[in-house]
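Undergrad: Structure, please.
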Amino acid sequence: MVEMNINEPWASTKEIAEHLGVTMETVRKWIKVGSIPCFRVGKLWKFKKSDIDKWVKSGGAEEGKQNA
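TA: Residues are numbered from 1 along each chain as shown. Predicted structure coming up:
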């Protein structure tokens, strides 16, 4: 179960790319293969930085884990 801090603001794809030091295209690839924790709000993808940090620490962003 994912714990969310309701006071934590939602981040955009651009903000997450900057937070991780990767391109927006890389984030989009992770979204496409369903490997990155995100939520769709209308046409936009939104993220919680705390979820992204947990995902990175668990090895989710490792090279080769994506099937894109």
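
Undergrad: Would you double-check that R40 falls in a strand?
TA: Yes: judged by DSSP: H, G, I helix; E, B strand; the rest coil, R40 forms part of a strand.

Undergrad: what about the closest residue to it other than its chain neighbours, is that helix, strand or coil?
TA: What sits nearest to R40 in space, not counting adjacent residues and going by C-beta to C-beta, 6 or more residues apart in numbering, is K46, at 7.7 Å. To be clear about C-beta, it is placed using only N, CA and C from the backbone, and glycine gets the same treatment. The local conformation at K46, judged by three-state DSSP, is strand.

Undergrad: May I ask you to confirm that K46 is in contact with S12?
TA: Yes: using C-beta atoms under 8 Å, K46 is in contact with S12, at 7.0 Å.

Undergrad: So what's the residue count around V33?
TA: Counted with other C-beta atoms under 10 Å, the neighbours of V33 add up to 11.

Undergrad: quick one: the residue nearest to R40 from M24, how far?
TA: The gap separating K46 from M24 is 14 Å, by C-beta to C-beta, to the nearest Å.

Undergrad: Got the phi and psi for N7?
TA: Torsion angles at N7 (phi, psi; degrees, to the nearest 10) stand at phi -90, psi -10.

Undergrad: and it, how many neighbours?
TA: Count around N7 with other C-beta under 10 Å applied: 5.

Undergrad: who are the neighbours in contact with it?
TA: Counting by C-beta atoms under 8 Å, 6 or more residues apart in numbering, N7 makes contact with nothing.

Undergrad: Does S35 touch G60 like I think?
TA: Yes: taking C-beta under 8 Å as the definition, S35 is a contact partner of G60 at 6.1 Å.

Undergrad: first to last residue in stretch 29-47, what's the distance?
TA: 15 Å (C-alpha to C-alpha, to the nearest Å).

Undergrad: And for stretch 27-44?
TA: 13 Å.

Undergrad: where's K32 relative to D53, distance?
TA: Distance check for K32 against D53: by C-beta to C-beta, it reads 21 Å.

Undergrad: To clarify, my last question referred to G34.
TA: 19 Å.

Undergrad: ok, K46 and M24, which is more surrounded?
TA: A side-by-side neighbour count of K46 and M24, using other C-beta under 10 Å, places K46 first with 16 against 13.
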